[in-house]
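Participant: Build me a model:
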Amino acid sequence: MTKTTASPPADIVLTERRGGVLILALNRPDRLNAWNEALEQRYFGLLDEAEADPDVRAVVVTGAGRGFCAGADMDDLQAVDNSDLTALVRRDPVRHRPLLFRKPLIAAVNGAAAGLGLVEALYCDVRFAAPKAKFTAAFSRRGLIAEYGVAWLLPRLVGRSRALDILLSSRVILGEEALQMGLVDRVVRPQELLNAAVAYAHDLATYCSPSAMQAIKQQVLNAQNMTFADAVTEADQLMVEAFTGQDFVEGIKSYLQRRPPGFAGLEIR
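Facilitator: Here you go, the predicted structure:
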């Protein structure tokens, strides 16, 4: 992708707040929301802002128009300077920035999620999809490899052979098959998709401790490269911290008083 120093246009990612849920809509509908540098800068910047805002408890990402994200913009790929390929792949922030987001990140995949668009969907914690949403790795049909950690992510979601099927063939997988594979978690009618994803995120925002969700996300990420014994040891240490935290006190009190909990937002790093 072509590097630029100009500030990205604000409307390249649309924002909407619904209570504690922030909706981010990738907004290049004429290009099926194909990924470029400006889109990346704005999306990652909005994630940074959401992470620093204690009132944002969860984020839903979707695409404007008919697509989720059709992958890297082909015009940008054609303009890649082969003399500086290292700068293309070694980025700041890192390309997997969404995977490191400390709050729940929910994808509402409304259309094509291809190549880098598939990777972006996989970086989310939970995926909702329309029945006719199209998932394809695309890389092998462009002479490319499994990019940006997808070879690590996919087998952990769908198993080794299914991951290889997806990556080697680059075939198109529709929503229902994606659900059967475990590639997505819910299939919802198109007219209800965004509201269903937001309702799920709203439930997290209303009833779940932000600090507990952050810790759980980090546990799951860490555990991918741990033995079971090491995962138990980490959990034991975190449990001691949780029992001495204010969220545990509030969680028990709100349960006994039969009311929604009033958990504090995440501390700003």
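
Participant: what residues are up against the nearest residue to Arg97 once chain neighbours are set aside?
Facilitator: In space, and not counting its chain neighbours, Arg97 is closest to Phe44: 5.0 Å by Cβ to Cβ, 6 or more residues apart in numbering. The way it works is simple: take the backbone N, C-alpha and C, and place the C-beta from them, glycine included. With contact set as Cβ atoms under 8 Å, 6 or more residues apart in numbering, Phe44 has these partners: 93, 97-98.

Participant: Which ones among these map onto helices?
Facilitator: Using DSSP state H, no member of the contacts of Phe44 sits in helices.

Participant: I'd like to know which of the residues you listed are part of strands.
Facilitator: Judged by DSSP state E, the contacts of Phe44 include no members of strands.

Participant: picking that back up, what's the separation between the residue nearest to Arg97 and Gln224?
Facilitator: 23 Å (Cβ to Cβ, to the nearest Å).

Participant: One more: Leu24?
Facilitator: Taking Cβ to Cβ, one finds Leu24 at 26 Å from Gln224.

Participant: again with Trp152
Facilitator: Distance of Trp152 to Gln224, computed by Cβ to Cβ: 8 Å.

Participant: Who has more neighbours out of these two?
Facilitator: A side-by-side neighbour count of Trp152 and Gln224, using other Cβ atoms under 10 Å, places Trp152 first with 14 against 10.

Participant: which SS class is the more buried one?
Facilitator: helix (DSSP: H, G, I helix; E, B strand; the rest coil).

Participant: what pLDDT, on average, does stretch 69-87 get?
Facilitator: For stretch 69-87, mean pLDDT rounds to 68.

Participant: Name all residues that make contact with Ala6.
Facilitator: Residues counted as contacts of Ala6 (Cβ under 8 Å, 6+ apart) are Ala38.

Participant: how much space is there between it and Glu40?
Facilitator: In terms of Cβ to Cβ, Ala6 sits 13 Å off from Glu40.

Participant: can you list the weak-confidence ranges in this protein?
Facilitator: 1-5, 76-92 (pLDDT under 70).

Participant: What sits closest to the residue most central in space within it if chain neighbours are left out?
Facilitator: Nearest to the mean C-alpha position of the chain, by Cα atoms, centre = their mean, lies Cys124 at 2.1 Å. Take Cys124 and drop its neighbours on the chain: the residue closest to it by Cβ to Cβ, 6+ apart is Ala107, 3.9 Å away.

Participant: May I have the phi/psi pair for the one you found?
Facilitator: Here is the backbone geometry of Ala107 (degrees, to the nearest 10): phi -100, psi 140.

Participant: Could you shift the numbering so residue one becomes 621, and keep it that way?
Facilitator: Will do, 621 is the new start, and the previous item becomes Ala727.

Participant: Relative to Gln844, how far out is it?
Facilitator: On the measure of Cβ to Cβ, Ala727 and Gln844 end up 20 Å apart.

Participant: Equivalent analysis for Asp785, please.
Facilitator: 21 Å.

Participant: Now find how far off-centre the host helix or strand of Ser831 is within its chain.
Facilitator: Element membership of Ser831 [criterion: DSSP states H and E] is helix 830-843. Relative to the centre of its chain, helix 830-843 is centred 14 Å away, using Cα atoms, centre = their mean, to the nearest Å.

Participant: That'll do, ta.
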